[in-house]
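A.B. asks: need coordinates for the below:
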Amino acid sequence: MQKVNLNDKLSQFHDYWNPRIAGELNGQHVKLVKFKGEFVWHKHDHEDEMFFVVKGKFQMEFRDKTIELNEGEFLIVPKGVEHRPVAEEEVSVMLFEPASTLNTGDQKGELTKENLEKI
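C.D. replies: Okay, the predicted model is just below:
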């Protein structure tokens, strides 16, 4: 049992769209990731995802609307809902999702990360 300092963990990497595992509980991963630019449109058929903004802000685009998330806010994207995160500036995000969740969901490509680093 150890406490986790988010700022310390986030200072360990500087790339975008490459989540790191910062903790595990009950089959869930607590992941840290930095966003900048546009991600790919995708969905997760079997998993909900929770996005918590640690620092900065970003927009979560859906096919019918866009939700802006600011520092200290979170959003749960239900399974099966197509979405795309977009960040004009760098944003630091904590994700809560099942360990089985692939970052690009039903879309595999250059941004897909199958073997995540633990930090």
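
A.B. asks: name the single longest strand found in the protein.
C.D. replies: Secondary structure of the chain per DSSP state E: the longest strand is strand 83-98.

A.B. asks: off-centre distance for that one?
C.D. replies: Relative to the centre of its chain, strand 83-98 is centred 4 Å away, using C-alpha atoms, centre = their mean, to the nearest Å.

A.B. asks: and that strand, what's buried?
C.D. replies: Neighbour-count burial for strand 83-98 flags 83-87, 91-97 (criterion: 16 or more other C-beta atoms under 10 Å). Just so you know, the C-beta spots here come from the backbone N, C-alpha and C atoms, and that holds for glycine as well.

A.B. asks: which one is the residue nearest the centre of the chain nearest to, not counting chain neighbours?
C.D. replies: Closest residue to the average C-alpha location of the chain: residue 95 at 4.6 Å, with C-alpha atoms, centre = their mean. Excluding the flanking residues, the one nearest residue 95 by C-beta to C-beta, 6 or more residues apart in numbering is residue 31, at 4.2 Å.

A.B. asks: wait, residue 53 touches residue 68, no?
C.D. replies: No: using C-beta atoms under 8 Å as the test, residue 53 is too far from residue 68 to be in contact (9.9 Å).

A.B. asks: and those two? Which one has more around it.
C.D. replies: Between residue 53 and residue 68, counted using other C-beta atoms under 10 Å, the more crowded position is residue 53 (21 against 12).

A.B. asks: three-state assignment of that one?
C.D. replies: Of the three states, residue 53 takes strand under DSSP: H, G, I helix; E, B strand; the rest coil.

A.B. asks: got a list of what it touches?
C.D. replies: Listed by C-beta atoms under 8 Å, 6 or more residues apart in numbering, the contact partners of residue 53 are 69-74, 91-93.
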